[in-house]
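**Student:** Next one to model:
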Amino acid sequence: MVTDPEDKQQELAHVNRALQTCGYPPWSFEKVRKPKATPNTTKQSTISRAGTQRRKKAVVLPYMQGLSEALRSKFATYQIPVYFKPQNTLRQILVSPKDKTDKGDICGPVYQIKCEGSEQDYCDHSYIGETERTLRARFSEHRRPNTTTSEVSNHIHRESPGHQVDLNKVKVLSRDTRWYERGVRESIQIRRHRPTLNKDGGRHQLSHIWDSLLTSSQQ
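**Tutor:** Numbers count the residues shown, from 1 in each chain. From the prediction side, this is the model:
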């Protein structure tokens, strides 16, 4: 067995000459000389690369004032970068310049109706809802005395007769023409504001894992 380094080099040169004489190409010598990676090393490298890729993935969310800042802070604890995209882009503003839409004509709003009470009776009840139609159309249903599906109508006509609601004082909390996304926005606002006239959390079942985050976003 050859153990001396100089003898090893001489033996290797002899083997190369012999292989060349037999017609083997030069690249075959180089391939044999390269050390093979052990299975454990390959597995660890794959895991390391996968871990690096996971850390580099970012989350892109639509910007919502108050909530977005809290989300960024929460994701930062897990070293996950968060980027926010504006709902109204500069192109949307410049390409189709129009007069400001009347609040009642807004389609797809998530809205909050606060009871105005009466001259003799202060009231702090409120309701949060959503609609694919205009705010004006949905609000008119809330004011109808014969509407049985509106908690607002039930409040101002049966529970507290004489109390009033005003379309001009309705607050548009969010807006989305997409059905599913609008339902999520409604549930978020209900969880944040806890309106007294809502009987449930909205049509989207929002997980309670978001409770602490939504509470901190109000501070």
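**Student:** Can you classify Asn154 as helix, strand or coil?
**Tutor:** At Asn154 the chain is in helix, as set by DSSP: H, G, I helix; E, B strand; the rest coil.
**Student:** domains of the protein?
**Tutor:** For the chain, whose domains are defined here by automatic domain parsing, the residue ranges read 5-53, 103-206.
**Student:** between these, which gets nearest to Arg72?
**Tutor:** Relative to Arg72, the nearest member of the domains of the chain by C-beta to C-beta is domain 103-206, separated by 16.2 Å. In short, each C-beta sits where N, CA and C put it, glycine included.
**Student:** I'd like to know the average pLDDT value across that closest one.
**Tutor:** Per-residue pLDDT over domain 103-206 has a mean of 94.
**Student:** for the most centrally placed residue in the chain, helix, strand, or coil?
**Tutor:** Here the mean C-alpha position of the chain is nearest to the C-alpha of Leu61 (C-alpha atoms, centre = their mean), at a distance of 4.6 Å. Using three-state DSSP, the structure places Leu61 in strand.
**Student:** separation between Trp179 and Lys85?
**Tutor:** 21 Å (C-beta to C-beta, to the nearest Å).
**Student:** What of Ser73?
**Tutor:** From Ser73 to Lys85 the distance is 18 Å (C-beta to C-beta).
**Student:** neighbour count winner among the two?
**Tutor:** Per other C-beta atoms under 10 Å, whichever of Ser73 and Lys85 has more neighbours is Ser73, with 13 against 9.
**Student:** Relative to Tyr83, how far out is that one?
**Tutor:** Relative to Tyr83, and taking C-beta to C-beta, Ser73 is found at 14 Å.
**Student:** Same question for Glu116.
**Tutor:** Distance from Glu116 to Tyr83, by C-beta to C-beta: 41 Å.
**Student:** So which of the two has more stuff around it?
**Tutor:** Glu116 (14 against 10).
**Student:** Sticking with the residue lying closest to Met64 once chain neighbours are set aside, tell me its helix or strand.
**Tutor:** Distances taken as C-beta to C-beta, 6 or more residues apart in numbering place Ser174 nearest to Met64, at 7.3 Å, with adjacent residues excluded. Applying DSSP states H and E as the criterion places Ser174 in strand 171-175.
**Student:** For that strand, which strands pair with it and how are they oriented?
**Tutor:** Its sheet considered, strand 171-175 pairs with strand 109-114 (antiparallel) by DSSP bridges.
**Student:** Which secondary structure elements does the following helix or strand past the strand holding Ser174 sit against?
**Tutor:** Note on strand 171-175: by DSSP H and E, the next helix or strand toward the C-terminus is helix 179-193. Contacts defined by 3 or more C-beta pairs under 8 Å, 6 or more residues apart in numbering; DSSP states H and E place helix 179-193 against strand 109-114, strand 126-130, strand 171-175, helix 211-216.
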